[in-house]
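Asks: Structure, please.
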Amino acid sequence: MGLGAIFRRISGIASPRKAPDGLDAGLPGPSVDFAVVDVETTGLYPGGHDRILEIGIVKTGWTGEMVEEYVTLVNPQRDVGPTSIHGITARDIASAPPFEEVAGDVADRLSGVVLAGHNVDFDLRFINAELARLGSGLGTPPSVCTLALCGYLVPPPLNGRLSSCCAAIGIRHDQAHSALSDAHATAQVLHAIIRNMGCTGLEELWTAPSKTGSYRRTRRTLS
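Replies: So this is what the prediction gives:
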C-alpha cells in the first residue's frame, strides 16, 4: 500500500467517539492486538527541533503472544543529541532512512490496534510530530500506558522506571534505551499487568484506577 493511501486510511478513522476498525471498550481480550512502541529521540521536545532516531514496535495478542516486530534507525537530519543516553552515534544514522521513507511502515503497524508504551504519550507525540511534517498524523488512538499502571505489578516496582518494572517481574532488560529492546520489555510488563489485574477485556483495563500519579493511563477514543 502506498504512503498516501495509508495516510488517508488513518485520517478516515480519526473521528470523535469512534474506535478504529471496530475497536471498542466492549471488545473481549482475545480480539485485541497491541502495538507496543518505543522511540529513541534527539531530545525531549517534538514540537521544537527534536526528532526520532530509532523506533521499535512489537505487536502482540492479548495474552502476550508475539505477532510481529519492527525496528529501524532514522536519520533525524540534524545532530543525534545525547549519545550517552541512547547510545546512537552520527555514524550509526549516516545511512539510515529519514522518517518520510519509513512513515508508511510505521503508520501501517500502528493502525487498527491499541497502542501501548511506557509513558506512551511521549512516544505518540514524537510519532505525530514526524507525521505532521508529512501532512498527516495518528491523532489520539486508543492506548495503554504501562507507566501509569505499573503499580499493579507484583511486587510493585521501586519506581516507575522501565528497568524497575522489569526487575519487579523478574525479567532481564540489558539493552535499555534500545527501541526494540524497550518495546519487548514494555510488552512483557504490559501482559504482566493484564494478568495481575485479571482483565478479560478492554473495558476492565481502561476503567481500572491508576496506581501512579497523574500520568494518563489510557486513551479510549480517537480525536
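Asks: pull the longest helix from this structure.
Replies: In the chain, assigned by DSSP state H, the helix with the most residues is helix 179-197.
Asks: Averaged pLDDT, that helix. What do you get?
Replies: Helix 179-197 comes out with an average pLDDT of 96.
Asks: Identify all contacting residues around it.
Replies: Helix 179-197 has contacts (C-beta atoms under 8 Å, 6 or more residues apart in numbering) with 29, 34, 36-40, 54-58, 60, 62-64, 69, 71, 116-118, 144, 146, 149-150, 152-154, 162, 165-166, 169, 171, 173-176, 204-205, 208. No exception for glycine: its C-beta is placed from N, CA and C like everyone else's.
Asks: Would you check that residue 160 makes contact with residue 150?
Replies: Yes - at 5.8 Å, residue 160 and residue 150 qualify as touching, with contact defined as C-beta atoms under 8 Å.
Asks: got a pLDDT number for the closest residue in space to residue 162 that isn't next to it in sequence?
Replies: Closest residue in space to residue 162, ignoring its immediate chain neighbours: residue 118 at 4.8 Å, by C-beta to C-beta, 6 or more residues apart in numbering. On the pLDDT scale, residue 118 is placed at 96.
Asks: What's the separation between residue 70 and residue 130?
Replies: Residue 70 sits at a distance of 15 Å from residue 130 (criterion: C-beta to C-beta, to the nearest Å).
Asks: again, but for residue 45
Replies: 13 Å.
Asks: okay, those two: which has more neighbours?
Replies: More crowded of residue 45 and residue 130, by other C-beta atoms under 10 Å: residue 130, with 24 against 12.
Asks: so who does that one touch?
Replies: 46, 51-52, 99, 103.
Asks: Could I get the full set of strands for the chain?
Replies: Assigned by DSSP state E, the strands in the chain fall at 33-41, 52-61, 66-73, 114-117, 143-145, 218-219.
Asks: Pipe those strands into CSV and attach mean neighbour count per row.
Replies: Shown next, in CSV, are the strands of the chain (neighbours: other C-beta atoms under 10 Å):
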stretch, mean neighbour count
strand 33-41, 25
strand 52-61, 24
strand 66-73, 15
strand 114-117, 26
strand 143-145, 25
strand 218-219, 20
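Asks: Any chance of these in JSON lines with distance to residue 189 as columns?
Replies: Below are the strands of the chain laid out as JSON lines (distance: least, C-beta to C-beta, whole Å):
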{"stretch": "strand 33-41", "distance to residue 189": "9"}
{"stretch": "strand 52-61", "distance to residue 189": "12"}
{"stretch": "strand 66-73", "distance to residue 189": "15"}
{"stretch": "strand 114-117", "distance to residue 189": "9"}
{"stretch": "strand 143-145", "distance to residue 189": "11"}
{"stretch": "strand 218-219", "distance to residue 189": "15"}
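Asks: Residue 207: how many residues sit nearby?
Replies: When neighbours are counted by other C-beta under 10 Å, residue 207 registers 12.
Asks: if I look at it, how far off is residue 113?
Replies: For residue 207, the distance to residue 113 equals 20 Å [C-beta to C-beta].
Asks: Residue 199 too?
Replies: Going from residue 199 to residue 113 by C-beta to C-beta gives 17 Å.
Asks: do residue 195 as well
Replies: Counting by C-beta to C-beta, the separation of residue 195 from residue 113 is 20 Å.
Asks: quick one, which of the two is more surrounded?
Replies: With neighbours defined as other C-beta under 10 Å, residue 195 and residue 113 compare such that residue 113 has more, 23 against 15.
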